[in-house]
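**Q** predicted model and sequence below, questions to follow.
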Amino acid sequence: MSAAQPARIPLIVIHPLVVRVTHWLNAVAIVVMVMSGWKIYNASPLFGFSFPGWATLGGWLGGAIAWHFAAMWLLVVNGLIYLAYGLAGRHFMRSFLPVGPSAVWRDLKEALTFRLVHKLGTYNAVQRLLYIVVLVLVVGAVVSGLGLWKPVQFQGLVGLLGGYELVRRIHFVAMAGIVGFTVVHLALVAIVPSTLWAMITGRARVEVSARELKS
């Protein structure tokens, strides 16, 4: 009797089409918003520095504002589609929950010691926390951005957030957090490049262990 042939790892869908499309549209919108936002910031800096011209978009203040608001509408509409899918399709529940302090601390220690195993299609606790945080930051950026855009029409919102100058700082902090997340995200993609191809095609070969099948 011949030895049994090893089972072929199946090619399965780990990122549905709606997740992939909204992911890439969000990526475009955020890049445009950040670069044009840096140009707007340079016109009236909050702190004692300005962003280099090569990292900005728009050419001049009016052009930067036009780019910023065009990307804002793309981000909002695309974000609402992603939110509706995430809630109705239970994508958020499956991908980002549960997450707790002990799990985050455990996975963070393993990541810092390069012992954390990455499996395509499954987020560890640190990744889940980061995705939840960046979703909150995006909402914060949009809400504070509305206050900056129409401070008179949204004066109630501006007052609730602590006034115009504080709203500017909230918007800046949200932007900085989103940029920080993007840097970490790109670093992880560089470490595990197969995640990029999976987000393009939606499919990957994922091996399921016997222990996972029993759980």
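**A** Arrived safely.

**Q** quick check: R106 touching A125?
**A** Yes: taking C-beta atoms under 8 Å as the definition, R106 is a contact partner of A125 at 7.0 Å. In this view, the C-beta of every residue, glycine as well, is placed from N, C-alpha and C.

**Q** three-state assignment of the nearest residue to L137 once chain neighbours are set aside?
**A** Spatial nearest neighbour of L137, excluding adjacent residues (C-beta to C-beta, 6 or more residues apart in numbering): G177 at 4.4 Å. Here G177 takes the helix state, with states given by DSSP: H, G, I helix; E, B strand; the rest coil.

**Q** what does N26 give?
**A** helix.

**Q** separation between the most centrally placed residue in the chain and Y85?
**A** With distances taken as C-alpha atoms, centre = their mean, V134 lies nearest the centre of the chain, 5.3 Å away. According to C-beta to C-beta, to the nearest Å, V134 and Y85 sit 17 Å apart.

**Q** then I12?
**A** Distance from I12 to Y85, by C-beta to C-beta: 19 Å.

**Q** before we move on, the earlier item: please identify which of R106 and A125 sits among more neighbours.
**A** Each of R106 and A125 has its neighbours counted (other C-beta atoms under 10 Å); A125 has more, 21 against 15.

**Q** counting neighbours, what do you get for the residue nearest to that one when sequence neighbours are not counted?
**A** If the residues on either side of it in the chain are set aside, A125 comes closest to A103, at 3.7 Å by C-beta to C-beta, 6+ apart. Other residues lying near A103 total 15 when counted by other C-beta under 10 Å.

**Q** same thing with T113?
**A** 8.

**Q** same check, this time on A84
**A** 11.

**Q** identify each buried residue in stretch 146-156, please.
**A** With burial defined by 16 or more other C-beta atoms under 10 Å, the residues of stretch 146-156 counted as buried are L146, G147, F154.

**Q** what is the end-to-end distance of it?
**A** By C-alpha to C-alpha, to the nearest Å, the extent of stretch 146-156 from end to end equals 11 Å.

**Q** mean confidence score for the helix or strand encompassing L188?
**A** Using DSSP states H and E, L188 sits in helix 164-191. Here helix 164-191 scores 90 as its mean pLDDT.

**Q** packing partners for the helix or strand just after that helix?
**A** The helix or strand immediately downstream of helix 164-191 is helix 194-201, counting by DSSP H and E. Helix 194-201 makes packing contacts with helix 17-43, helix 164-191, strand 203-205 when contacts are defined by 3 or more C-beta pairs under 8 Å, 6 or more residues apart in numbering; DSSP states H and E.

**Q** thanks a lot, catch you later.
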